[in-house]
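Participant: fold the stuff below for me.
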Amino acid sequence: MEEAFATRKLIKPAELKALNAKSNLRGGLQMASHLGLIAGVAALHYLVMGSWWVLATGFALGVALNFLYAAQHELSHWSVFKTKGLNEFFGRVIGFAMLFPRDYDQVMHFAHHRWTQDWERDGELTREPYTWQSFAKWMLGTTYWYNRVVGIIRRARGIIIEPYIGAAHEARIIRESRLHLLGYAVIAGLSLYFQSWAALTFWLLPMLLTKPVHQLQNSIEHLGLTHKTDILQNTRSTRTNAFMRWLCWQMPYHTAHHSYPSVPFWQLRKLDHLIDQRGGEIHRMGWIEFQIEAFRRLASKDESQWPENEVWIVPSPSGKHGKQGKQGKQGKPVKLEA
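Facilitator: Numbers count the residues shown, from 1 in each chain. Have a look, this model is predicted:
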């Protein structure tokens with residue numbers, strides 16, 4: 001994918017080399033601030049136990065925990081820290097907390113980058129096309145958590161069905177799943193022994209119940225775009241505020257990330273501007289407008305009924321950004337040339 005995009009020659013080799021520079025300091029500051037947010041909100045959550053404020057702190061804690069997956073994503077790319085071992089250490093710890101084993105996630109995600117929007121090979125697209133009902137279950141987190149839990153148990157039993165997991169990766173992914181289950185069993189056992197609700201109160205329940213907020217970013221990045229190999233046609237960036245870009249580890253600049261996945265998160269804004277300035281039209285939508293349009297389109301036709309060479313989720317023509325970029329003058333689906 002990166003090679004295909006590079007043929008556009010929007011980014012010069014010297015510029016890309018500078019953008020690819022890793023930094024323990026920048027990565028450490030982002031990691032410390034995100035973990036610090038979680039610790040601070042968890043402390044507040046503890047202090048307000050027994051009052052209605054616990055609903056607000058529980059919500060905030062769950063959102064902060066869910067978006068820690070953005071850190072795991074960057075760690076899988078080895079791009080948070082210059083020191084490779086730090087990327088692996090934090091990736092494994094966070095993967096355990098996310099119920100998303102690091103090795104499995106990395107293999108799946110690399111297949112996603114290599115084969116973006118390929119129904120048979122994209123590691124994040126090995127699913128049935130959405131109906132509005134199945135998309136609603138995904139947005140609520142029901143399907144997401146079912147896949148996470150059942151997947152770990154199945155792989156721990158030595159059953160690999162994912163087409164993107166090659167034979168060379170099977171043994172370590174099976175071993176990793178078994179270690180995760182062992183760790184979760186130890187936590188469950190200690191919780192029962194000490195009659196403690198801490199794991200549920202400060203980890204699992206907040207994270208499980210606030211998944212729909214995280215799904216706003218998960219769902220917007222590729223759905224409703226073409227299945228061609230051109231990254232500018234199959235990947236969408238998100239319009240949001242500075243705080244949410246920080247919480248998402250700059251993943252709202254998703255087209256820039258897919259264009260050059262090795263560029264660390266803190267350089268994505270600069271890369272995004274370079275692509276924009278040099279004629280690379282980037283699809284952009286906000287979270288809420290995307291959800292409205294996605295459900296509206298899926299209510300009229302299932303995902304399988306939309307042509308694969310058509311951009312079919314676009315901003316509404318009545319919206320603030322309805323006439324920008326490749327979305328078309330009337331906010332209608334755009335048919336792209338073969």
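
Participant: how much space between the most centrally placed residue in the chain and residue 73?
Facilitator: Ranked by distance to the mean C-alpha position of the chain (CA atoms, centre = their mean), the top residue is residue 218 at 4.8 Å. Going from residue 218 to residue 73 by CB to CB, to the nearest Å gives 11 Å. C-beta here means a position set from N, CA and C on the backbone, and glycine is covered the same way.

Participant: how about the residue nearest to the centre of the chain: what's its closest non-neighbour residue?
Facilitator: residue 144 (7.9 Å; CB to CB, 6 or more residues apart in numbering).

Participant: remind me what the strand or helix carrying residue 112 packs against, helices and strands.
Facilitator: In this structure, residue 112 sits in helix 102-114 according to DSSP states H and E. Packing partners of helix 102-114 (3 or more CB pairs under 8 Å, 6 or more residues apart in numbering; DSSP states H and E): helix 69-76, helix 84-97, helix 167-193.

Participant: quick one: that helix to chain centroid distance?
Facilitator: 12 Å (CA atoms, centre = their mean, to the nearest Å).

Participant: name the residues of the next helix or strand after that helix that are buried.
Facilitator: Counting by DSSP H and E, the next helix or strand C-terminal to helix 102-114 is helix 132-140. By 16 or more other CB atoms under 10 Å, the buried positions in helix 132-140 come out as 132, 134-135, 138-139.

Participant: tell me the mean pLDDT over the helix or strand containing the residue nearest to residue 218?
Facilitator: Following DSSP H and E, one finds residue 144 within helix 142-156. Summarised as a single mean, pLDDT over helix 142-156 is 97.

Participant: and for stretch 235-250?
Facilitator: 97.

Participant: not counting sequence-adjacent ones, nearest residue to residue 108?
Facilitator: Using CB to CB, 6+ apart, the nearest residue to residue 108 is residue 123, at 3.6 Å.

Participant: for residue 166, see how far away the one you found is.
Facilitator: For residue 123 relative to residue 166 (CB to CB), the value is 12 Å.

Participant: give the residues shared as contacts by those two.
Facilitator: Residues touching both residue 123 and residue 166 (CB atoms under 8 Å, 6 or more residues apart in numbering): residue 107.

Participant: which of these two has more neighbours?
Facilitator: residue 123 (23 against 11; other CB atoms under 10 Å).

Participant: what helix or strand is residue 56 on?
Facilitator: helix 53-66.
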